[in-house]
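Novice: sequence first, then the predicted structure:
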Amino acid sequence: MEWEHVVPAENLGQTFSEWRSGHPDCVDSKGKSFKGRKCAEKVNKEFRYMQSDMYNLYPAVGSVNADRGNKNFEAMAKSVPSKFGVCEMKIVGNKAEPPARAKGAVARTYKYMEYAYPRYQMSSAQRRLMDAWDKQYPVEQWECTRALRIERLQRNENPFVKEACVNKGMWR
């Protein structure tokens, strides 16, 4: 098991110049410049907040997480099989589709990350998909409990989860 970024760290990181081009402070002990995630982590506080935001982190099976990599979520035909046995995650080419039981939480995570970090923007197609999954797969008690715990620790809210939980009387 490992912690997976629902919105891939690369999608977040590409919005930072340190990720794309490096920074004068990103030099290793041999004097070689570096960029990418390692540089953004080193010099950019906002990136560190984004990549460690608990609302965007979920436990995942390591091999599934490795296969998903930085692939964005898309809807696939029902006939597309999962290659992970009982795990219903689908990954084909450069697209991935989470199991139905995770689609609502995935959608509300994407929407939260765009809301909380305006430098990150979903494509219009991604936003339409996340809006659809948000409506089609409503919050469940576990998502409300998780969000409440994160809010207490992280001291900010995911309004896409909280509002739905409050409206359903599940915010406890």
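Specialist: Noted; the coordinates are in hand. Numbering: from 1, shown residues only.
Novice: on contacts alone, who are the packing partners of the helix or strand hosting Glu151?
Specialist: Using DSSP states H and E, Glu151 falls within helix 141-154. Packing partners of helix 141-154 (3 or more CB pairs under 8 Å, 6 or more residues apart in numbering; DSSP states H and E): helix 100-116, helix 159-167. Placement of C-beta: from N, CA and C, glycine included.
Novice: columns mean pLDDT on top of those helices, output as CSV?
Specialist: CSV is the format used below for the helices and strands packed on helix 141-154 (pLDDT from 0 to 100):
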stretch, mean pLDDT
helix 100-116, 97
helix 159-167, 97
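Novice: got the ones you listed as a markdown table, with distance to Ser63 and mean neighbour count columns?
Specialist: Below are the helices and strands packed on helix 141-154 laid out as a markdown table (distance: least, CB to CB, whole Å; neighbours: other CB atoms under 10 Å):
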| stretch | distance to Ser63 | mean neighbour count |
| --- | --- | --- |
| helix 100-116 | 17 | 20 |
| helix 159-167 | 28 | 18 |
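Novice: and those as a markdown table, adding distance to Arg37?
Specialist: Output for the helices and strands packed on helix 141-154, formatted as a markdown table (distance: least, CB to CB, whole Å):
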| stretch | distance to Arg37 |
| --- | --- |
| helix 100-116 | 16 |
| helix 159-167 | 26 |
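Novice: which residues of this structure fall in helices?
Specialist: Listed in chain order, the helices of the chain (DSSP state H) span 9-13, 17-21, 37-43, 45-52, 62-68, 100-116, 124-136, 141-154, 159-167.
Novice: ok, now which ones touch the nearest residue to Asp134 once chain neighbours are set aside?
Specialist: Take Asp134 and drop its neighbours on the chain: the residue closest to it by CB to CB, 6 or more residues apart in numbering is Ala107, 4.1 Å away. Neighbour list for Ala107: Leu129, Met130, Asp131, Ala132, Trp133, Asp134, Tyr137 [criterion: CB atoms under 8 Å, 6 or more residues apart in numbering].
Novice: number of nearby residues for the nearest residue to Pro59 once chain neighbours are set aside?
Specialist: Nearest residue to Pro59 in three dimensions, chain neighbours excluded: Met1, at 5.2 Å (CB to CB, 6+ apart). Neighbours of Met1 under the rule other CB atoms under 10 Å: 8.
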